[in-house]
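Asker: Below are the sequence and a predicted model for it; my questions follow.
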Amino acid sequence: MRTPFDPLLDRAHAHASEFLRDLPDRFVGARASRDEMIAALDAPLTQHGEDAGVVIDLLARNAERGASACASPRYFGFVIGGSLPVALAADWLVSTWDQNAGIHVISPITAAMEEVAARWLLDLFDLPRESGVGFVTGCQMAHFTCLAAARHGVLRRAGWDVEADGLNGAPRINIVASQEAHITLDAALRYLGLGTRSLVHVESDEQGRMRADHLHNVLSTLQGPTIVCAQAGNVNTGAFDPLREIGELARERGAWMHVDGAFGLWARASEERRALADGIELADSWATDAHKWLNVPYDSGVAIVRHADDHRDAMTSTAAYLIQTRGAERDAVDWVPEFSRRARGIPVYATLRALGRDGVADLVDRCCARARQFAQLLSADPNVRILNDVVLNQVLVRFGDDDELTRAVIAGVQQDGTCWASGTTWHGLAAMRISVSNWATSEEDVEVSAAAMLRVFRSLLG
Ligand SMILES: *Cc1c(COP(=O)(O)O)cnc(C)c1O
């Protein structure tokens, strides 16, 4: 028997197949602007509605022009990542099942898969197995969750219950981070009432790594509860802070160490890259993304906190009607800021199960190898300069040692459509950023993309 879902799901499936078939070779940027999309889509809300099948077709027709191919193997902007087939398929089931993943009584399957996926992640990253784990929307909310636990933990040790008494009259918390901290850290500090003005910045070196000697000096001037925020994977260079030194300094001072490992934490899964993150296990909390390097669909991040009690105390919600059992069962509401929520741990479970340890390591290693390939192909041109040590999946490229020319190459590459890369400013110099974060990016994709970049560059040179 066909249900009312079938005709629409069949249509959605056909559209999805077509989109995915065209994805590897299509124009990589968006072909229509926001204004053009508004012109195509905006209309008064109808009184009586429209045929649902026609609506689904309308979505698909407009995605062709209005969606950028950011899941394409030739999309190198920001740090994005595509979706592995198994991850996308699992995500479809999550939407189909429509579980409220907040408490295990509603969804035992989600509770179980998230519990197991949490254990697998701690194992894969080789982090303390007793840590609390929360499946959140992204690294932004992972920062928020981890730093809420940190706020709770450092104030508890100072004899202050922030959950009950808030921050009015609380001991002041020092927050220390490198100049290169990601902007989402600032946002998390704002959400938590800690503000950004109190942030003490530590100098970083030419690769964007926090200078441990400067951290030492900064910490020696600070009294009281302190949180040190380090980074595994600079968003421009991919560089790692000296995590062992930072960890040791933080421990000496009794400070809480938090790590932004949005993509860099995945280096722990690779034999070859592991050493970059040496000492990361000394931290108290770790924020990462699954929608970047694990290649699950948006949105998916992970908050990990060594001190599970601090994590839980900072996040927990209880109410008489919820039927929570404070036993062995895990209720997601205790570990994340959300209450009702999507079962976003399920695609993580499915992907880890399908890839295994070797599969994740291979995914990381392949992206790193493609990044090196980019650096090699591009720097073969004497007028192209690679600005960073390519230690991970990020490459910074400067064309003709000229800001304007470099920006023109970036714009030209985006218009060319073979691939897509974005720009940045690194130590005062305009640069193209290339981030290789997609499971499907092949050597040929890199060859074709590097050739397109050089073609645009040479045509601008005249
Ligand atoms: C992407 C990124 C973030 C933010 O992650 P979201 O998933 O977008 O919230 C934070 N830090 C670094 C280093 C990142 O690359």
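Answerer: Received the coordinates, thanks. Residues are numbered from 1 along each chain as shown.

Asker: And for the nearest residue to Glu114 once chain neighbours are set aside, the neighbour number?
Answerer: Of all residues beyond its chain neighbours, the one nearest Glu114 is Gly345 (3.5 Å), with distances taken as CB to CB, 6 or more residues apart in numbering. C-beta coordinates here come from the backbone N, C-alpha and C atoms, glycine included. When neighbours are defined as other CB atoms under 10 Å, Gly345 has 29 of them.

Asker: residues touching Gly345, list them.
Answerer: Contact analysis of Gly345 by CB atoms under 8 Å, 6 or more residues apart in numbering lists Ala101, Thr110, Met113, Glu114, Ala117, Ala118, Phe135, Ala332.

Asker: and the two most separated of those?
Answerer: Ala101 and Ala118 (13.0 Å; CB to CB).

Asker: Met257: what secondary structure?
Answerer: Classification of Met257 using DSSP: H, G, I helix; E, B strand; the rest coil returns strand.

Asker: just checking, it touches Val228?
Answerer: Yes - between Met257 and Val228 a contact is recorded at 5.0 Å, counting by CB atoms under 8 Å.

Asker: Settle it for me: which of those two has more neighbours?
Answerer: Per other CB under 10 Å, whichever of Met257 and Val228 has more neighbours is Val228, with 30 against 27.

Asker: Nearest spatial neighbour of Arg119, chain-adjacent residues omitted?
Answerer: Arg129 is the one closest to Arg119 (CB to CB, 6+ apart), at 7.4 Å.

Asker: any idea which helix or strand carries that neighbour?
Answerer: Per DSSP states H and E: Arg129 is located in neither a helix nor a strand.

Asker: which parts of the stretch 101-250 of the chain sit against the ligand?
Answerer: Gly138, Cys139, Gln140, His182, Thr184, Gly233, Val235 (CB under 6 Å from any ligand atom).

Asker: Of the residues you listed, select the buried ones using a ChimeraX command.
Answerer: A single ChimeraX command selects the buried members of those (16 or more other CB atoms under 10 Å):
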select :138,139,140,182,184,233,235
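
Asker: Let me have the residues of the stretch 101-250 of the chain next to the ligand in TSV, extended by pLDDT and secondary structure.
Answerer: Supplementary listing: those in TSV, determined by pLDDT from 0 to 100; DSSP: H, G, I helix; E, B strand; the rest coil:
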residue	pLDDT	secondary structure
Gly138	98	coil
Cys139	98	helix
Gln140	98	helix
His182	96	coil
Thr184	97	helix
Gly233	98	coil
Val235	97	coil
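
Asker: which one among the residues of the stretch 101-250 of the chain next to the ligand gets closest to Ile246?
Answerer: Of these, the one sitting nearest to Ile246 (CB to CB) turns out to be Gly233, at 14.4 Å.

Asker: What's the separation between that closest one and Thr351?
Answerer: 20 Å (CB to CB, to the nearest Å).

Asker: how about the strands of this structure, start to end?
Answerer: For the chain, the strands defined by DSSP state E occupy 132-136, 174-178, 199-202, 226-231, 256-260, 285-289, 301-305, 384-386, 394-399, 422-426, 429-435.

Asker: just how off-centre is the fifth one within its chain?
Answerer: To tie it back to what came earlier, the one meant is strand 256-260. Relative to the centre of its chain, strand 256-260 is centred 16 Å away, using CA atoms, centre = their mean, to the nearest Å.

Asker: same thing with stretch 18-35?
Answerer: 22 Å.

Asker: Return the set of buried residues in it.
Answerer: Phe19, Leu23, Pro24, Arg26, Phe27, Val28, Gly29, Ala30.

Asker: From one end of that stretch to the other, what's the distance?
Answerer: From its first residue to its last, stretch 18-35 covers 25 Å (CA to CA, to the nearest Å).

Asker: How many neighbouring residues does the nearest residue to Ala450 once chain neighbours are set aside have?
Answerer: Distances taken as CB to CB, 6+ apart place Leu377 nearest to Ala450, at 3.9 Å, with adjacent residues excluded. Leu377 is flanked by 17 other residues according to other CB under 10 Å.

Asker: now Ala230
Answerer: 31.

Asker: what bridges to it?
Answerer: Ala230 forms beta bridges with Val259, as assigned by DSSP bridges.

Asker: So it sits against Leu282, correct?
Answerer: No - taking CB under 8 Å as the definition, Ala230 is not a contact partner of Leu282, at 9.8 Å.

Asker: Now list whatever residues contact both of these two.
Answerer: With CB under 8 Å, 6+ apart, Ala230 and Leu282 have common neighbours Leu243, Ile246, Met257.

Asker: Report how many residues lie close to the first one.
Answerer: Using other CB under 10 Å, Leu243 is surrounded by 26 other residues.

Asker: Can you give me the end-to-end span of stretch 264-282?
Answerer: 16 Å.

Asker: Mind checking if it is in reach of the ligand?
Answerer: No - applying CB under 6 Å from any ligand atom, one finds stretch 264-282 separated from the ligand by no less than 7.2 Å.

Asker: Show me which residues of the stretch 251-400 of the chain are close to the ligand?
Answerer: Asp260, Ala262, Phe263, Asp289, Gly301.

Asker: Skip the chain neighbours and tell me the closest residue to the first one.
Answerer: Across the structure, with CB to CB, 6+ apart as the measure, the residue nearest Asp260 apart from its sequence neighbours is Gln231 (4.7 Å).

Asker: before we move on, back to that, any chance you could list residues touching both of Met257 and Val228?
Answerer: The contact lists of Met257 and Val228 share Ile246, Ala250, where a contact means CB under 8 Å, 6+ apart.

Asker: before we move on, back to that, and the pLDDT for the residue nearest to Ala450?
Answerer: On pLDDT, Leu377 comes in at 98.

Asker: and if you look at the one 5 residues further on?
Answerer: pLDDT, the model's per-residue confidence, is 97 for Pro382.

Asker: What distance do you get for the residue nearest the centre of the chain to Thr137?
Answerer: In the chain, the residue lying closest to the centroid (CA atoms, centre = their mean) is Asp289, at 3.5 Å. Noted for Asp289: a distance of 10 Å to Thr137, by CB to CB.

Asker: Now the common contact residues for these two.
Answerer: Ser300, Gly301.

Asker: can you give me the helices in the protein?
Answerer: Along the chain, counting by DSSP state H, helices occupy 5-22, 34-41, 52-66, 85-97, 108-125, 139-157, 162-165, 183-191, 212-220, 243-252, 308-315, 345-379, 403-416, 443-461.

Asker: Give me the neighbour count for Glu130.
Answerer: Glu130: 10 neighbours (other CB under 10 Å).

Asker: Now it: closest residue in space, sequence neighbours ignored.
Answerer: Ala308 (6.1 Å).
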